[in-house]
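Chemist: Here is the input, now give the coordinates:
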Amino acid sequence: QVQLVESGGGLVQAGGSLRLSCAASRRTFGNYAIAWFRQAPGKEREFVARISRSGGNTYYADSVKGRFTISRDNAKNTVYLQMNSLKPEDTAVYYCAAGPGTAVVRTEDYDYWGQGTQVTVSS
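Modeler: Prediction:
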């Protein structure tokens, strides 16, 4: 069992930045690929970014490519999502998820989820 806790959300103006953190409970954190997803009101949960177990490979949704950066510190059992040039359409609850090395963009491939953190971008 892996418990994930997100933090760092908040209210920011368009063009601003936020850094989200996802802290894991287990020292085997490095065995899991980690992804960020988001869900806006009335919409389905969508993939945002994913990082491999070692941190050597990353993958982004087209909508955030060039603006968001995912990284991880396995010594601290933490994954980060640096979000720059935020837009109102980035407003959503952001979730981190842990899954096997084969998990990439599908929600069903991830085994563990955090409770989410709200990001609101005002225009």
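
Chemist: Show me the strands in this structure, by range?
Modeler: In the chain, the segments counted as strands under DSSP state E are 4-7, 10-13, 18-24, 33-39, 46-51, 58-60, 68-73, 78-83, 92-99, 112-113, 117-122.

Chemist: same for the third one, what does it pack against?
Modeler: Looking back up the chat, that one is strand 18-24. strand 4-7, strand 33-39, strand 78-83, strand 92-99, strand 117-122 (3 or more Cβ pairs under 8 Å, 6 or more residues apart in numbering; DSSP states H and E). Glycine gets a C-beta too; all of them are placed from N, C-alpha and C.

Chemist: what about 6 Å?
Modeler: The helices and strands touching strand 18-24, judged by 3 or more Cβ pairs under 6 Å, 6 or more residues apart in numbering; DSSP states H and E, are strand 4-7, strand 78-83.

Chemist: If you count neighbours, what's buried in that strand?
Modeler: Judged by neighbour count using 16 or more other Cβ atoms under 10 Å, the buried positions of strand 18-24 are 18, 20, 21, 22, 23, 24.

Chemist: What mean pLDDT does it get?
Modeler: For strand 18-24, mean pLDDT is 97.

Chemist: for the buried residues of strand 18-24, which one is nearest residue 67?
Modeler: Closest approach between these and residue 67, by Cβ to Cβ: residue 18, at 11.3 Å.

Chemist: Hmm, the closest one is touching residue 84, no?
Modeler: No - if you go by Cβ atoms under 6 Å, residue 18 and residue 84 don't touch, sitting 8.7 Å apart.

Chemist: Return the set of residues that bridge with the most centrally placed residue in the chain.
Modeler: Nearest to the mean C-alpha position of the chain, counting by Cα atoms, centre = their mean, stands residue 36 at 2.4 Å. When assigned by DSSP bridges, residue 36 has beta-bridge partners residue 49, residue 96.
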